[in-house]
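K.L.:
Need a 3D model of the following:
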Amino acid sequence: MKTCLKLEPPGTSTGRQFNAAQRATALAQVRCIREHGVPNFPDPTFPASGGELFPAIPGFNPASPAFRHAAALCGLKQTIGQPHGG
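P.N.:
Numbers count the residues shown, from 1 in each chain. Alright, predicted model coming up:
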């Protein structure tokens with residue numbers, strides 16, 4: 001599993017279960033992202049296997065100035081669309 005984590009789709013975080021408060025915080029951060037210039041940013045899902053999954057967004061660039069600015073304002077970690085460490 002550890003070997004394969006680097007192949008995990010962008011925007012995922014495996015293994016950690018999100019409690020209700022963490023899910024609410026994640027959804028609030030996404031609403032904030034949308035309010036600050038990234039209107040089509042989707043809500044994450046929280047699979048039973050753990051983690052957080054963001055659907056693929058055609059044309060989305062996590063390095064774009066608009067997303068980076070919104071993410072910084074909203075306290076979103078810059079791991080979306082970025083490779084995971086191994």
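K.L.:
element containing Arg31, please.
P.N.:
Using DSSP states H and E, the secondary-structure element containing Arg31 is helix 20-35.
K.L.:
Quick one: residues in contact with that helix.
P.N.:
With contacts defined as Cβ atoms under 8 Å, 6 or more residues apart in numbering, helix 20-35 is touched by 18, 40-44, 46, 52, 67, 70-71, 73-76. (Glycine included, C-beta is placed from N, CA and C.)
K.L.:
Buried among those residues? Need that as a selection in ChimeraX.
P.N.:
What follows is the ChimeraX syntax for the buried subset of these, where burial is set by 16 or more other Cβ atoms under 10 Å:
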select :18,41,44,46,52,67,70,71,74,76
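K.L.:
Just the contacts of helix 20-35: which are in helices?
P.N.:
67, 70-71, 73-74 (DSSP state H).
K.L.:
Redo those residues as JSON lines? Include distance to Ala26.
P.N.:
What follows is these, written out as JSON lines (distance: Cβ to Cβ, whole Å):
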{"residue": "Phe67", "distance to Ala26": "16"}
{"residue": "Ala70", "distance to Ala26": "15"}
{"residue": "Ala71", "distance to Ala26": "13"}
{"residue": "Leu73", "distance to Ala26": "16"}
{"residue": "Cys74", "distance to Ala26": "11"}
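K.L.:
just to revisit the earlier point, pick out the lowest-pLDDT one from the contacts of helix 20-35.
P.N.:
Sorting these by confidence puts Leu76 at the bottom, with a pLDDT of 76.
K.L.:
Skip the chain neighbours and tell me the closest residue to that residue.
P.N.:
Setting aside the residues directly before and after it, Leu76 is nearest to Gln29 in space (Cβ to Cβ, 6 or more residues apart in numbering), at 4.9 Å.
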